[in-house]
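S.K.: curious how this folds, go ahead:
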Amino acid sequence: MRDWFKNFQTLQSISAVLALVGLLDSLYLWWTKVNVTALVCGLGDCEAVQASPYSSLLGVPVAAIGAGGYAALLALAVWAFVARDNVPAWLTDTRLIFASIGLFFAAYLTVIELFVIYSV
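M.R.: Model prediction:
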């Protein structure tokens, strides 16, 4: 039982750290979009992607949507970490739903980058 708990806590920590990294990245992209600031990017033509019409959805920057999603995942991961043995069953389901939506949205945006914008 102790090993399961230790592994569970490790997974919660990893989940929270990854959500924090995603949140910081999304906030940076959102900030550069709103302030029309040059991106610091190590791969591809980030400016072309950021300037494309696909960088906003219904007038909302995609990075803002990502920031909201990552913030929610971070909050839920921290909640699961703090709750330890008292994690409600619906919390895990909610996290899975949020993460799945984010995965499919990211896959959609990657397809747009590769086959429509022709830039990553």
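
S.K.: where do the helices sit along this protein?
M.R.: 2-35, 46-51, 62-83, 89-112 (DSSP state H).

S.K.: residue 119 is nearest to which of the ones you listed?
M.R.: Nearest to residue 119 among the helices of the chain is helix 46-51; the distance by Cβ to Cβ comes to 4.3 Å. All C-beta atoms are positioned from the backbone trio N, CA, C, and that covers glycine.

S.K.: mind giving me the packing neighbours of the closest one?
M.R.: The contact analysis (3 or more Cβ pairs under 8 Å, 6 or more residues apart in numbering; DSSP states H and E) places helix 46-51 against helix 2-35.

S.K.: thinking again about what came up before, could the helices of the chain go into TSV alongside mean pLDDT and distance to residue 118?
M.R.: Listed next are the helices of the chain as TSV, based on pLDDT from 0 to 100; distance: least, Cβ to Cβ, whole Å:
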stretch	mean pLDDT	distance to residue 118
helix 2-35	86	19
helix 46-51	85	8
helix 62-83	94	18
helix 89-112	92	10
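
S.K.: redo these as TSV? Include mean neighbour count.
M.R.: Rendered in TSV, the data for those read as follows (neighbours: other Cβ atoms under 10 Å):
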stretch	mean neighbour count
helix 2-35	14
helix 46-51	17
helix 62-83	18
helix 89-112	13
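
S.K.: using JSON lines, lay out the ones you listed together with distance to residue 119.
M.R.: Converted to JSON lines, those look like this (distance: least, Cβ to Cβ, whole Å):
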{"stretch": "helix 2-35", "distance to residue 119": "15"}
{"stretch": "helix 46-51", "distance to residue 119": "4"}
{"stretch": "helix 62-83", "distance to residue 119": "15"}
{"stretch": "helix 89-112", "distance to residue 119": "10"}
